[in-house]
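> quick one, fold the following:
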Amino acid sequence: QVQLVESGGGLVQAGGSLRLSCVASGSIFNINTMGWYRQAPGQQRDLVARIPSGGETQYADFVKGRFTISRDNGKNTVYLQMNSLKPEDTAVYYCNANIKTTWSSPDYRYWGQGTQVTVST
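Residues are numbered from 1 along each chain as shown. From the prediction side, this is the model:
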């Protein structure tokens, strides 16, 4: 079994910063792309940023220049540094990772349980 556990959400004023973390644990052979998505009430779940095991990161236009995604492969962890937060960034943020559990298995997409980020005016 594989688990993704997010942390770091909370309440912050507009203009503030938060750092989200997501740790993958369990039967892991290899982690490929890791990413963050978000979902506001009544809205679809949108990609925020993703980072492959090698290659360029990708950001949604609405966070470019404000958010930075990074990963620590030795710790099976992905981070999302969020600066200059706006009220419209309020959402549940979900961690996502494509993980192989054995050398021969295909990638399977795993999700965390989500962490709430609330930005007040």
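> assign a three-state SS to the closest residue to residue 16 other than its chain neighbours, would you?
Excluding its sequence neighbours, the residue lying closest to residue 16 (Cβ to Cβ, 6 or more residues apart in numbering) is residue 85, at 5.4 Å. Where you see a C-beta, it was placed from the backbone N, CA and C, and this is true even at glycine. With DSSP: H, G, I helix; E, B strand; the rest coil as the basis, residue 85 sits in coil.
> next up, phi/psi of residue 85, please.
The phi and psi values for residue 85, taken as degrees, to the nearest 10, are phi -70, psi 150.
> do the same with residue 74
Note on residue 74: its backbone torsions stand at phi -70, psi -20 [degrees, to the nearest 10].
> and the pLDDT at it?
Looking at residue 74, its pLDDT stands at 94.
> just the element for the closest residue to residue 25 other than its chain neighbours, please.
Spatial nearest neighbour of residue 25, excluding adjacent residues (Cβ to Cβ, 6+ apart): residue 3 at 5.3 Å. Using DSSP states H and E, residue 3 maps to strand 2-7.
> outside of that strand, which residues touch it?
20-28, 93-97, 99, 101, 108, 110-115 (Cβ atoms under 8 Å, 6 or more residues apart in numbering).
> how about 10 Å then?
19-28, 31, 34, 36, 76-78, 80, 92-97, 99-101, 108, 110-116 (Cβ atoms under 10 Å, 6 or more residues apart in numbering).
> picking that back up, around the residue nearest to residue 25, how many other residues sit close by?
Residues near residue 3, counting by other Cβ atoms under 10 Å, number 12.
> how close does it sit to residue 87?
31 Å (Cβ to Cβ, to the nearest Å).
> how about residue 4?
27 Å.
> which of the two has more residues huddled nearby?
Taking other Cβ under 10 Å, residue 4 and residue 87 do not tie; residue 4 has more neighbours (21 against 11).
> any idea which residue sits dead centre in the protein?
The C-alpha lying nearest the average C-alpha coordinate of the chain belongs to residue 36 (Cα atoms, centre = their mean; 2.6 Å).
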